[in-house]
Structure formats: structure tokens, C-alpha cells
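# any chance you can model this:
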Amino acid sequence: MATATPSNLIESRTHHGLGVLCGITAGMWLGAAEAPTKLVNAGFTPFTISLCMVAGVFTARWTFPTLLKGTTYVFRDLMQTKHLIVWAILAGALWAVANTLTIFAIRDVGLAIAFPMWNTNALVGLFWGRVLFRELDGADGRTIAKVMVGAACILLAAILLGFSTFHSDGGSSSYHATSGILAALGASLMWGTMYVPYRKAYLSGMNPLSFVTVFTIGELLTMALLTWRFDGGFHASYLRLAHGAPLIFWLFAGGFVWVIGDLFQQFAAKYLGIGRGIPLTNTNQLWGLAWGALVFGELAVMIVGALCISTAKASLGENSSRQEALERECDRYGLDYHRVLRAQGGKDGSDAPAKRRWWDVVIVCTATAVFLLLGFHATVPSMAIDLRWAVGLGLVLVASLLFCGYRLHRDTDFS
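As a prediction, this is how the structure comes out:
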């Protein structure tokens, strides 16, 4: 097995800033995706809402990889790491269960209380990253302190933001507070554990775009099974969907927005690790509440946490430990070390260009047609909406997408 040279270790540090940018952008988009879950108060069951969001996720997840890389590239990448397909499906299943639990939590205790509780997944991810992948091994005390304090600050800010909107969110009047809290904590455990397959995939050189394509199969199958088993079967769900058809578009849109945030989260996990990348993406608490209530009272605490993690660059010693974890994955599954090392540095593992196929166009056009059809029949929910803030936050989202997308394309060609 080839060993990592100092030049390789130095090269792997160059994408720290890009990983930070992806993490912050992910937080913006993941926060915006939470707004449609408020429709749980419009008569939809949590299972129906989650199923619609997953359907939107499934549609978007196949669209973006096809648009950016093409299906030929995606399937070739999957065939190079076949053992990771089952891990991606497992991660998707964990996400589907966690997402459904969050809907129950929102229904029972309100978004402001549930959001910070399930965002403790950053601590779960930090634990698994340390135990399973030896993240922070070789790091100096100052770097470890930055990561730990940063994660704690972000979690603390999330809790403070939740309490600041406690009365306005109506969570205190719920008769199911205990079940709502347990649902939020269960979602935290599921989401925190879900990042284990993420990191395992990227240590093996799999492109995030390939990973999410298989990930969504686990999501959709699990969500369909949950709906069939616990929500009165598909027929009952279909009746509820038909009754609320004008609102389905917003749930699909929520899934679509979530996919954009998750793609950036995947790249953050690849270039920063789950111990740094996931706490950064959990700034979605701030953006979610900005969309829901425009509350910025505890903004400074979360900024301190984000700055701590953003500046906690991996040292040569920590990068050496990361390379050892990469070598173990290559040894265990018989992977080409140099191909995986190139993938870790943001380069394609194969020099052969991937050809675009006619079905790539069909996939993108079909997905676009689905959203256009649903949007044509959509109606605006009867909620108080400040259009000025909606437009302003929307422009921020678009700007973050364009800038971060440009950086990913320029530096890694989405690899």
C-alpha cells in the first residue's frame, strides 16, 4: 500500500475553506426546507407530509447528479465502490425515519422546541467521527477546543433561539410534549448515525453526487413502507393527498430545497469530516427560524460557534490520521489507493470522460415537468406571509447557491 507523502497531506488541506463554504450554504438551504413542514397543521398526517417531501427529494436527487455529471459517470462511480451501495441505502432509510420523527415532534411541541433538540445530531456525529474514523487524532489542543466549543456554541444558540420563540410557536400548549420530545431526540440519534455511511463513502472515494443517487432509494422505499404500515395503507394516503392536492407542490418544493442543502452538506462532510461539517450545517436553525419568525436575538452565539469550527483547520498530524483511515478502507475493500486519494483531493477518480446519454435529458425534463405540473395547480396556503422578507431571504439563497456552486465547479468539478 502506498503511503501518504507530506505534499499529499498539504494538498488535502487546501479544500478546508471550500468545505466551510459548503457547510454554511447547506445550513441556509436546509433551514429554508423546514418551512413546508408547518403544513402538518393543515390536516396532513406526519407520514403523508414526509412521503410527499421524500417524493420531491427523489425527483430532485436524480435530477442534479444527472444534470451535473450525467448517469454514465454516476453508474461508473458506483461500480467502482459496489460495497457502498448498501451503506447509501441504509443512510437513506435512517433519514426517512428521522424525517418522519421530526414531523411528529413539530406537531406535538412546535418547531421552535423540536428544532434545537434534533440538532443535537451534531454531537452524535462528532462522537461517531471520533470513535470510528479517528477524526481529531493528531490535532493540537487548540484545534480540538475550537471544534468542541464551536459545536457547543451552535447547540446552545439553537436552544436559546427555540426558547425565544416558545410562546409564539404554540408548543407549550401541546398535550403530547413527552412524545414530541422523544421524537425529536430519536431524530437526532438517527441523523447523527446517518453520517457514518457518509464518511465511509467519501473515505472510499465515492462522489457525493453518486452517493445521494442511491441514498434516495433507501429514503423512498422506507417512507413508502412506513406509510403503508402506519398510515392506513396507500389508499388512505392517496385520499388525503387528493383532498390537499393544491398544497402538494409546497411539500415537493420543500424536498427540492432540502436536496440542494443536503448536496452541499455532503461536500462539507467530505472535505471537513463529520465532526466539523455537520455542526456547521446545523446553523440551519438560524435560517429556519428566520424564515418562520425572523428571530435574530441569539445570532452572536451561533456566529461564534461557526467561526470556531470554520477556523479549526486540520493540522498535518490530523491529516496523517485521516490518511491512515483512508488506507484502512482501501485495504479492507481492495480499492485503488491513488484513485481514492485523487477523489479526496476533489479530482475525479477516473481520467476517462463520461459521455452524456439521451436518457439524461429525459430524466431532467421529466423532473422539471413534475414540478411545473404541481406548481400550475398549487395554491398559496392561508398563512400570514411577509413577501418582502420572503423575497429577501430567497435572494440570499440564490446568491449562496450560485457562489458555492461556482466554487465547487471551479475547484473540484463537483467531485
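# what about the helices in the stretch 1-150 of the chain?
Secondary structure of the stretch 1-150 of the chain (DSSP state H, counting those that start in this stretch): helices at 6-13, 16-32, 46-68, 71-80, 84-109, 111-118, 121-133, 141-164.
# what do you get for the stretch 151-300 of the chain?
Under the criterion DSSP H, counting those that start in this stretch, the stretch 151-300 of the chain carries helices at the ranges 166-169, 177-203, 208-230, 233-243, 245-272, 274-281, 284-292, 299-310.
# these: which one's closest to residue 94?
In terms of CB to CB, the element of the helices of the stretch 151-300 of the chain nearest to residue 94 is helix 177-203, at 4.2 Å. (C-beta placed from N, C-alpha, C; glycine too.)
# that closest one: how far from the chain's middle?
11 Å (CA atoms, centre = their mean, to the nearest Å).
# now do it, average pLDDT.
Along helix 177-203, the predicted local confidence has a mean pLDDT of 84.
# starting at the chain centroid, how far to stretch 359-372?
That offset, for stretch 359-372, works out to 23 Å (CA atoms, centre = their mean).
# contacts for stretch 225-233?
When contacts are defined by CB atoms under 8 Å, 6 or more residues apart in numbering, stretch 225-233 is touched by residues 45, 47, 48, 50, 51, 96, 97, 100, 234, 237.
# for the third one, the count of nearby residues, please.
When counting by other CB atoms under 10 Å, one arrives at 25 neighbours for residue 48.
# shift numbering so it begins at 432
Taking 432 as the first residue, the last one we looked at is residue 479.
# can you pull out the low-pLDDT segments for the stretch 732-846 of the chain?
Low-confidence regions of the stretch 732-846 of the chain, defined here as pLDDT under 70, cover residues 732-753, 775-777, 779-785, 811-817.
# residue contacts, residue 630?
560, 563, 564, 700, 704, 705.
# ok, 6 Å please
Taking CB atoms under 6 Å, 6 or more residues apart in numbering as the criterion, residue 630 is in contact with 564, 705.
# please report how far it lies from residue 529.
In this structure, residue 630 lies at 17 Å from residue 529, with CB to CB, to the nearest Å as the measure.
# buried ones in stretch 804-813?
Of the residues in stretch 804-813, 805, 809 count as buried by neighbour count, 16 or more other CB atoms under 10 Å.
# how far off centre is that stretch?
What separates the centre of stretch 804-813 from the centre of its chain is 26 Å, taken as CA atoms, centre = their mean.
# that older thread, which of the helices of the stretch 432-581 of the chain is buried the deepest?
helix 542-549 (a mean of 26; mean count of other CB atoms under 10 Å).
# packing partners of that helix?
helix 515-540, helix 572-595, helix 597-600, helix 608-634 (3 or more CB pairs under 6 Å, 6 or more residues apart in numbering; DSSP states H and E).
# can you rerun that using 8 Å?
Based on contacts counted as 3 or more CB pairs under 8 Å, 6 or more residues apart in numbering; DSSP states H and E, the elements that helix 542-549 packs against are helix 515-540, helix 572-595, helix 597-600, helix 608-634, helix 715-723.
# residue 452 contacts residue 838, doesn't it?
Yes - in terms of CB atoms under 8 Å, residue 452 counts as a neighbour of residue 838; the distance is 6.1 Å.
# mean confidence for stretch 653-663?
81.
# what does stretch 477-488 give?
Looking at stretch 477-488 alone, the average pLDDT works out to 79.
# what about residue 756, how many residues nearby?
Residue 756 has 18 neighbours, counted by other CB under 10 Å.
# with adjacent residues omitted, what lies nearest to it?
The spatially closest residue to residue 756, leaving aside those adjacent along the chain, is residue 564, at 5.2 Å (CB to CB, 6 or more residues apart in numbering).
# quick one: that neighbour and residue 837, what's the gap?
Applying CB to CB, the value for residue 564 to residue 837 is 30 Å.
# likewise for residue 806?
Residue 806 sits 27 Å away from residue 837 when distances are taken as CB to CB.
# one more: residue 791?
According to CB to CB, residue 791 and residue 837 sit 22 Å apart.
# who has more neighbours, those two?
residue 791 (19 against 10).
# got the contact list for that one?
In this structure, residue 791 makes contact with 497, 498, 501, 502, judged by CB under 8 Å, 6+ apart.
# enumerate every residue touching residue 636.
Residue 636 makes contact with 511, 512, 766, 770, 771, 772, 773, 774, 775, 780, according to CB under 8 Å, 6+ apart.
# make TSV from these and add distance to residue 613 and secondary structure to it.
Formatted as TSV, the contacts of residue 636 follow (distance: CB to CB, whole Å; DSSP: H, G, I helix; E, B strand; the rest coil):
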residue	distance to residue 613	secondary structure
511	41	helix
512	36	coil
766	40	coil
770	44	helix
771	40	helix
772	43	helix
773	44	helix
774	39	helix
775	38	helix
780	42	coil
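# understood, closing this out.
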